[in-house]
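Undergrad: Output the structure for:
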Amino acid sequence: MRKLPLSEAIREAMIQEMRADPSVILMGEDVGRFNGAFHGSPGMLVEFGPERVWDTPISEAGCMGLGIGPALTGLRPIVEFQYADFMFCAMDQIVNEAAKLRLMSGGQASVPVVIRGPQGATGRAAQHSQSVEAYFMHTPGIYIALPSTPYDAKGLMTTAMRLNDPVMILEHKLLYGSASPGGGKAPSDKTVSEIGSEVPEEQYTIPFGRADIKREGSDVTIIATLVMVHRALAAAEELQSEGISCEIIDPRTIVPLDVDTIVESIRKTNRAVIVSEDVRRGGVGAEILAEINEHAFVYLDAPVVRVNADNTPIPFGPASERNVIPQIEDIKQAVEDVLKD
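TA: I've put the predicted structure just below:
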């Protein structure tokens, strides 16, 4: 099977669905006339024309509002943000309009809009390096997908374009095709572009709310998202040489969250570590921990350990960023700590 980078898998999903469904349109800053290179949409303006590929002004609130309007009339817009951080400029449109209009209209209106954005720390300034998923996980009415592999990205994106409610697809910039998530600092990260990069040519969907077990194990369950899936896999490989067997679960979607798969794994391993790049306070890891506490507490032989970014803005500078963002050695240490109890 051919291999694709994550950005190309997303692009292929959009193209195939736009060919199959004329109601799907694409809009965002520089998605068309500048060839969409930043967004993973090269060539789409040429194929689909300006009636279906719209370059928008540099106004995230306006762009999001422009996506909601067509969605209410029966179209299926894909709204792309150059950085997920810029979604904060459109919070009113996302949180108060897109997420709530179905309920406020008594089910008479739906907002089938897909919201895309790259996120995560990659050596950029604090306003371009955040992980934003927890802000929107808190908002009822929005599905949220976090693809960690090209295979997952294509399937989740296809599903997203067919749902009748708002969907947010958050993609880590280091997974777009980089062979080294971590700025080349961690040699064992270099396999990221090979993991799950085999992508079928035909269309397929991945159901939301169904986690994927990326690696089976017996001693500890690691629940990880986005680029941290790959760092967890690298950590598990190193720990295996020490006789520690890690099971790694990628939720793939956090709204809805597949709690059943997480609980079943913990029933087997009796220990859990949660790894995500968002900050520790009020983050996705805290919500997953709460679900484990409610549904799997009786199976635990040790307290659950969270591995997150520090509660600080992402610093500018490779060394400082590396100290704030979870690394492979941090995951290994967390696993060793949870196995001490």
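
Undergrad: residue contacts, the closest residue to Gln93 other than its chain neighbours?
TA: Excluding the flanking residues, the one nearest Gln93 by C-beta to C-beta, 6 or more residues apart in numbering is Met64, at 3.9 Å. Where you see a C-beta, it was placed from the backbone N, CA and C, and this is true even at glycine. Residues counted as contacts of Met64 (C-beta atoms under 8 Å, 6 or more residues apart in numbering) are Val79, Met87, Ala90, Gln93, Ile94, Ala98, Ile115.

Undergrad: Select from those the one having the most neighbours.
TA: Within the contacts of Met64, most neighbours by other C-beta atoms under 10 Å means Val79, with 32 neighbours.

Undergrad: what helix or strand is it on?
TA: Using DSSP states H and E, Val79 maps to strand 76-80.

Undergrad: Which neighbouring elements make contact with that strand?
TA: If you count contacts as 3 or more C-beta pairs under 8 Å, 6 or more residues apart in numbering; DSSP states H and E, strand 76-80 packs onto strand 24-28, helix 60-72, strand 114-119.

Undergrad: hmm, back to that, the residue nearest to Gln93 and Ala145: what is the separation?
TA: According to C-beta to C-beta, to the nearest Å, Met64 stands 18 Å off from Ala145.

Undergrad: swap in Asp219?
TA: 29 Å.

Undergrad: Settle it for me: which of the two has more neighbours?
TA: It is Ala145, of Asp219 and Ala145, that has more neighbours when counted by other C-beta under 10 Å, with 26 against 19.

Undergrad: And the pLDDT at the more buried one?
TA: pLDDT, Ala145: 98.

Undergrad: the longest strand in this structure is where?
TA: Secondary structure assigned by DSSP state E gives strand 272-279 as the longest strand of the chain.

Undergrad: Next secondary structure after it?
TA: Elements were assigned by DSSP H and E; along the chain past strand 272-279, the next helix or strand is helix 284-295.

Undergrad: Show me which residues of that following helix are buried.
TA: Using 16 or more other C-beta atoms under 10 Å as the test for burial, helix 284-295 gives Val284, Gly285, Ala286, Glu287, Ile288, Leu289, Ile292.

Undergrad: Same list (those) but as TSV, adding pLDDT and distance to Arg11.
TA: As requested, these are arranged in TSV below (pLDDT from 0 to 100; distance: C-beta to C-beta, whole Å):
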residue	pLDDT	distance to Arg11
Val284	97	26
Gly285	97	31
Ala286	96	34
Glu287	97	31
Ile288	98	30
Leu289	98	35
Ile292	98	36
